[in-house]
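[1] can't give you the sequence, but here's the structure:
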């Protein structure tokens, strides 16, 4: 699956960024740019949907961690939608389940 990013604004006040494919050293800059664009638009309540992500490396995690710190400093938050075991395992092994709100569905993420 090819890497892709889409933004969904149909869940105000949340901006939903859906990623697909692999998030690694080659694609993490695109993820960072998309998240920075949202922040630049004043969007500080962000949900990153990882349901279509097949691989996530430390570079991608670094982007998510730096973004959550930035939006929380502005009174916002970044949460994650993920049920894929191989991606969840990355969050669990690194202890990032204590940093991010990880949800089973987009509906759950935007309701919290």
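    That came in fine, so what should we check first? Everything numeric in this text was worked out from a predicted model, so none of it was measured.

[2] any idea where the strands of this structure begin and end?
    Using DSSP state E, the strands found in the chain span residues 4-11, 14-23, 45-56, 77-81, 101-103.

[3] avg pLDDT for the second one?
    Looking back up the chat, that one is strand 14-23. Averaging pLDDT along strand 14-23 gives 98.

[4] for the residue most central in space within the chain, list the residues it contacts.
    For the chain, the residue nearest the mean C-alpha position is residue 48 (2.9 Å; CA atoms, centre = their mean). Residue 48 is in contact with 17, 18, 19, 35, 64, 78, 79, 80, 81, counting by CB atoms under 8 Å, 6 or more residues apart in numbering. Every C-beta, even on glycine, is put in place using the N, C-alpha and C of the backbone.

[5] is it bridged to anything, and to what?
    residue 17, residue 80 (DSSP bridges).

[6] so how far is residue 77 from it?
    11 Å (CB to CB, to the nearest Å).

[7] also residue 98?
    Residue 98 is 14 Å from residue 77, by CB to CB.

[8] if you count surrounding residues, which of these two has more?
    Remark: of residue 98 and residue 77, residue 77 carries more neighbours, 16 against 8, as counted by other CB atoms under 10 Å.

[9] what about the closest residue to residue 5 other than its chain neighbours, how many residues nearby?
    Leaving aside its sequence neighbours, residue 5 sits nearest to residue 34 (CB to CB, 6 or more residues apart in numbering; 4.9 Å). Residue 34: 20 surrounding residues under other CB under 10 Å.
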